[in-house]
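Chemist: Sequence first, then the predicted structure:
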Amino acid sequence: MAKKLMALMAIRKLLQKRRAKRRVVSNYIGIYDLETDDFVGHLSNRSRTGLMITSRKPFEPLQAYRLGVESGARQASQNLQAVYVQCLWARQEPGETFYYSGFRIEGAPTETTTQPIKQPEAC
């Protein structure tokens, strides 16, 4: 009985911690695959250890990616902050045309990448 109670308390604590740390993104932040230079989606929410991306195509769970996150610069060559992530899950809600994917942040290089990026196709 005590083990079951301790397990339930631990689960509750983890769920509260997860909810408290997540931040919804209120402005448009584009995400790019740095291996292909393609626009892949938008940042939906973030935390210190992960992020969620809304995209037109699903990401492959357990696959590692090198993504570029827009820094907000609006120049011909935009600044992208590179981040290494691993996809933990991907799903499409019923009736939706977009996919939602959750990622764990694995690391980031210290330098910022400055390069021209492809403009996203119209939705």
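Modeler: Perfect, I can see it now.
Chemist: what secondary structure does residue 5 sit in?
Modeler: In three-state terms, and counting by DSSP: H, G, I helix; E, B strand; the rest coil, residue 5 is helix.
Chemist: That one: neighbour count?
Modeler: Residue 5 sits with 9 neighbouring residues when counted by other CB atoms under 10 Å. For glycine as for every other residue, the C-beta is placed from the backbone atoms N, C-alpha and C.
Chemist: Over to residue 54?
Modeler: There are 17 residues near residue 54, going by other CB under 10 Å.
Chemist: and it, that's in a strand?
Modeler: Yes: judged by three-state DSSP, residue 54 forms part of a strand.
Chemist: Name the residues linked to it by a beta bridge.
Modeler: Following DSSP bridges, residue 54 is listed with bridge partners residue 42, residue 100.
Chemist: Kindly report the same for residue 83.
Modeler: Here residue 83, judged by DSSP bridges, has bridge partners residue 67.
Chemist: got it, and the one 4 residues further on?
Modeler: When bridges are assigned using DSSP bridges, the partners listed for residue 87 are residue 103.
Chemist: Please shift the residue numbers so they start at 587 in all later answers.
Modeler: With the count now opening at 587, the last piece we talked about shows up as residue 673.
Chemist: burial of it, as a residue count?
Modeler: 18.
Chemist: and if you look at residue 642?
Modeler: Residue 642 has 13 nearby residues by other CB under 10 Å.
Chemist: which residues does the closest residue to it other than its chain neighbours contact?
Modeler: Excluding the flanking residues, the one nearest residue 642 by CB to CB, 6 or more residues apart in numbering is residue 684, at 6.3 Å. Neighbour list for residue 684: 640-642, 678 [criterion: CB atoms under 8 Å, 6 or more residues apart in numbering].
Chemist: Let's see the pLDDT reported for residue 684.
Modeler: In the predicted model, residue 684 carries a pLDDT score of 93.
Chemist: and the gap between it and residue 626?
Modeler: Distance from residue 684 to residue 626, counting by CB to CB, to the nearest Å: 12 Å.
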